[in-house]
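Q: could you look at this predicted model? Sequence included:
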Amino acid sequence: MAATSIRLKRLFANADAANGMVPTCPIIALSTNPISITPPEDTTSGREIDILRRLMIGNNIDIVIIPPSTKRVVKLRLPIGALFVLGALLIVAFFYSTYVFARYFEGVSKYSEYKDIQKDINYQKIQFKKLDVTLSEYNQNLQNLKDFDKKIRIITGQQDTLFVENESNSADLQKLHAQNDTSPVSAETPGKLSQDEVIINSRFVTLDLNIQSVEDGFFILEAIIQENKDKLSRTPSIVPLKTGHLTSRYGIRNDPFTGSPRMHNGVDWAYLPYTPVYAPADGTVKDVVKSFSYGNLLIVNHGYGVITRYAHLAKIEVKKDQKVRRGQLIARMGGTGARSTAVHLHYEVLVNDKFTNPENYLIDGPQIRN
């Protein structure tokens, strides 16, 4: 091998000298030790393995690096067996790196898919919240219609409700919303959300049908109202004050003087002295009384068996047998009478000489929007 290297070096040196040139880059030469293998007569596996072992162990590859002539020649000797091992390692490394990259790109793809699903879920949650608000508004409007329907039926004497009640919509939506908040992200999630949307849409259809039913009922009610115009104008359907605060409602309460439970036959509103009191409906002043308990008491007969009473007044602005119209000033708030604890209006409604809850007749409820 040494002789071969020397001959190669001389060969390049002579060639360069002949051409008047000096090598400017390294020259690499390879040589191998001669291998003499006699074909075996016995081709059993043991002989083949022995030949392969001698081939890998007993032979080398020389790598000669010939730099420009001014530098030293570098020679590397590598066993053939080491090259086989190195090649095998490179092959294993190649396949392993291919596997790692494949898994990496698969993970990137799944992560991207996960992010898309997460965005879809977040979008659906926003839509659910919007639907929740919309359904709440629907249900509130339906409840208002139900209350209005109840008051109108009391006034007109109708017994059949015009309202078709469906209270399951909001509960169903909240259940669906909770399920989607707790459900794990998976490939099946978008389909599940779509199924929930179908359920929600069906609830909206039900709500629309309910509203349509109420609207149809109010067309019938409109005809009834036209036939009962006089009765409605004489029904106390508005709060007799424009300013004030609700302080006590109709029903059992603790008596402010004794502390014991006692029936409160009216509704109380409090405000400043001499706050104007208005007629809640057309009628005729039945009586003006000075009562020990109620102080200055005004009684108005609205016909159809309906009477309203106003107690603890500071001043009464109308006279007995005087006709009054809805919205007309009839008295001023005060604190007269033994059972008055402060300035307020005590308001009662009697139907056929029996006390009834005034709130049943107040279309907008007992609260005053100051």
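A: Done, it's in. Residues are numbered from 1 along each chain as shown.
Q: outline the domain layout of the protein.
A: Domain assignment for the chain by automatic domain parsing gives 2-34+43-72, 120-227, 245-360.
Q: hey, least reliable of the ones you listed by pLDDT?
A: The minimum mean pLDDT among these belongs to domain 2-34+43-72 (a mean of 57).
Q: strands paired with the helix or strand hosting residue 300, and their directions?
A: Element membership for residue 300, per DSSP states H and E: strand 295-303. Paired with strand 295-303 in the same sheet, following DSSP bridges, are strand 283-291 (antiparallel), strand 306-316 (antiparallel).
Q: what's the closest of the ones you listed to residue 137?
A: strand 306-316 (34.7 Å; Cβ to Cβ). The C-beta positions use only the backbone N, C-alpha and C, and glycine is treated the same way.
Q: packing partners of the following helix or strand past the closest one?
A: Later in the chain than strand 306-316, the nearest helix or strand by DSSP H and E is strand 323-324. Where contact means 3 or more Cβ pairs under 8 Å, 6 or more residues apart in numbering; DSSP states H and E, strand 323-324 is packed against strand 283-291.
Q: pull out the buried residues from the strand it packs on.
A: 283, 285-286, 288 (16 or more other Cβ atoms under 10 Å).
Q: mind checking how far residue 275 is from residue 247?
A: Distance, residue 275 to residue 247, using Cβ to Cβ, to the nearest Å: 13 Å.
Q: cool, and residue 77?
A: For residue 77, the distance to residue 247 - Cβ to Cβ - is 110 Å.
Q: counting neighbours, what do you get for residue 308?
A: The local packing of residue 308 (other Cβ atoms under 10 Å) involves 24 other residues.
Q: wait, what's in contact with it?
A: Each residue near residue 308 by Cβ atoms under 8 Å, 6 or more residues apart in numbering is listed here: 236, 240, 280-281, 283, 299-300, 302, 347-350.
Q: which residues in the stretch 1-150 of the chain form strands?
A: 27-32, 60-66, 74-79 (DSSP state E, counting those that start in this stretch).
Q: how about the CA coordinates for the second one, as PDB?
A: The C-alpha atoms that make up strand 60-66 are tabulated as PDB, following Å, rounded to 0.1, in the frame of the first residue of the first chain:
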ATOM      1  CA  ASN A  60      -9.000  -2.000   4.800                       C
ATOM      2  CA  ILE A  61      -9.700   1.000   2.500                       C
ATOM      3  CA  ASP A  62      -6.900   3.700   2.400                       C
ATOM      4  CA  ILE A  63      -7.900   7.300   1.700                       C
ATOM      5  CA  VAL A  64      -5.000   9.400   0.500                       C
ATOM      6  CA  ILE A  65      -5.400  13.200   0.400                       C
ATOM      7  CA  ILE A  66      -2.800  14.900  -1.700                       C
END
